[in-house]
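Asks: no sequence on this one, just coordinates:
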Ligand SMILES: [Fe+2]
């Protein structure tokens with residue numbers, strides 16, 4: 001048997017190092033780690049959150065969002081879950097939410113792993129209105145990310161769904177790649193602050209997989225006010 005010469009040993013060593021770093025890079029590009037990774041969502045409560053002031057919605061939203069960022073671990077959880085997270089959108093969502101619209105069907109949000117944070121504003125729980133999730137489906141990958149309205153598989157049908165109701169003091173984080181739907185009412189309204197995070201490098205290295213929508217979002221308060229955050 002021929003003895004490996006010095007240069008082939010060197011090539012073998014170098015290819016090992018290259019493989020090691022490629023695996024490292026892939027792992028860091030797709031972290032999906034931390035508490036959010038377990039089921040794809042987290043719900044918690046926060047005390048002393050400032051009250052929403054309808055007379056000055058923009059400044060009031062800024063105060064509430066910055067209070068949540070400073071007094072909870074949401075940014076930490078997002079940092080562990082998404083590579084190079086960035087804040088894309090802050091807006092107020094207010095009903096009426098129309099029953100039987102597109103959002104009431106099971107779907108994912110067509111842009112891979114993106115985090116939404118909901119901050120409840122209603123002073124009491126509105127039982128008719130909630131977001132419903134199929135836990136642990138956040139890791140699903142889809143053949144076509146434009147085909148978003150989906151039929152649950154037989155395995156997914158066996159997963160007990162989670163209904164998320166929100167009121168003031170409730171915060172809710174979820175990966176919009178997870179299968180979810182809204183349960184709305186024509187009569188009852190819901191008010192919350194919606195915040196979106198995605199990866200800053202989406203579209204360069206990670207087409208489709210870690211996402212943010214490219215279209216300009218309507219009513220984005222980030223066009224009007226700066227929100228302080230630091231990962
Ligand atoms: Fe959605």
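Replies: Nice, thanks for sending it over. Everything numeric here is computed off the predicted structure, so don't read it as measured data.
Asks: tell me, what residue is most central in the chain?
Replies: Residue closest to the average C-alpha location in the chain (Cα atoms, centre = their mean): residue 115, at 1.1 Å.
Asks: Show me the beta-bridge partners of that one.
Replies: Applying DSSP bridges to residue 115 gives these bridge partners: residue 175, residue 197.
Asks: now do residue 119
Replies: Beta-bridge partners for residue 119, by DSSP bridges, are residue 171, residue 193.
Asks: give the contact list for the residue nearest to the centre of the chain.
Replies: Contacts for residue 115 (Cβ atoms under 8 Å, 6 or more residues apart in numbering) come out as 36, 78, 81-82, 85, 173-176, 196-198. Where you see a C-beta, it was placed from the backbone N, CA and C, and this is true even at glycine.
Asks: Kindly recompute the last result at 10 Å.
Replies: Contact partners of residue 115, counting by Cβ atoms under 10 Å, 6 or more residues apart in numbering, are 36, 40-41, 74, 77-78, 81-82, 85, 88, 138, 173-177, 195-199.
Asks: out of those, which are inside strands?
Replies: Of those, the ones assigned to strands by DSSP state E are 41, 85, 88, 173-175, 195-199.
Asks: and which of those residues is nearest residue 159?
Replies: In terms of Cβ to Cβ, no member of the ones in strands among the contacts of residue 115 lies closer to residue 159 than residue 41, at 12.7 Å.
Asks: Against residue 161, how distant is that closest one?
Replies: Between residue 41 and residue 161 the distance, using Cβ to Cβ, to the nearest Å, works out to 11 Å.
Asks: what sits in contact with each of the two?
Replies: The contact sets of residue 41 and residue 161 overlap at 133, 135, 180 (Cβ under 10 Å, 6+ apart).
Asks: okay, the first one: pLDDT?
Replies: Think residue 133. The model reports residue 133 with a pLDDT of 97.
Asks: can you pull the contacts of it?
Replies: For residue 133, counting by Cβ under 10 Å, 6+ apart, the contacting residues are 39-41, 106, 159, 161-164, 172, 174-175, 178-181.
Asks: Give me the buried subset of those residues.
Replies: Among the contacts of residue 133, those buried by neighbour count (16 or more other Cβ atoms under 10 Å) are 39-41, 106, 159, 162, 164, 172, 174-175, 178-181.
Asks: Now do the buried residues in stretch 219-231.
Replies: The neighbour-count check on stretch 219-231 (16+ other Cβ under 10 Å) flags 221-222, 229 as buried.
Asks: hang on, the earlier thing: per-residue confidence for the residue nearest to the centre of the chain?
Replies: Note on residue 115: pLDDT of 94.
Asks: One more: residue 97?
Replies: pLDDT, read off for residue 97, is 60.
Asks: ok, now residue 162?
Replies: At residue 162, the model reports a pLDDT of 97.
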